[in-house]
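Engineer: sequence? don't have it. structure:
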């Protein structure tokens, strides 16, 4: 089935391989991008490439610092 579709593409064998590979990579990455754009409102630190810490971790670290400071003084 895929071969019959790629066979109809005009061009050399290299062109067919390039277009076929691009289509397969696109189809394979669709679930990732669909999931990524499904939730537009991401919290800080919950994004795939986020450099921020999640809010829960920041709160926990602040509480630990507060406990340490109260023990020291």
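Structural biologist: Done, it's in. On a predicted model such as this, the values are computed, not experimentally measured, just so you know.
Engineer: Now do the residue nearest to residue 19 when sequence neighbours are not counted against residue 28, distance only.
Structural biologist: Nearest non-adjacent residue to residue 19, counting by C-beta to C-beta, 6 or more residues apart in numbering: residue 9, 5.6 Å away. Quick note: C-beta positions are derived from backbone N, CA and C, even for glycine. For residue 9, the distance to residue 28 equals 19 Å [C-beta to C-beta, to the nearest Å].
Engineer: longest single helix anywhere in the protein?
Structural biologist: helix 13-38 (DSSP state H).
Engineer: what about that one, average pLDDT?
Structural biologist: If you average the pLDDT over helix 13-38, you get 86.
Engineer: other SSEs contacting that helix?
Structural biologist: helix 2-7 (3 or more C-beta pairs under 8 Å, 6 or more residues apart in numbering; DSSP states H and E).
Engineer: contacts for the helix it packs on?
Structural biologist: 16, 19, 20 (C-beta atoms under 8 Å, 6 or more residues apart in numbering).
Engineer: what comes up buried for stretch 13-26?
Structural biologist: residue 16 (16 or more other C-beta atoms under 10 Å).
Engineer: and that stretch, how far out from the chain's middle?
Structural biologist: Relative to its chain's centre, stretch 13-26 lies at 23 Å (C-alpha atoms, centre = their mean, to the nearest Å).
Engineer: For the residue nearest to residue 19, give me its contacts.
Structural biologist: 15, 16, 19, 20.
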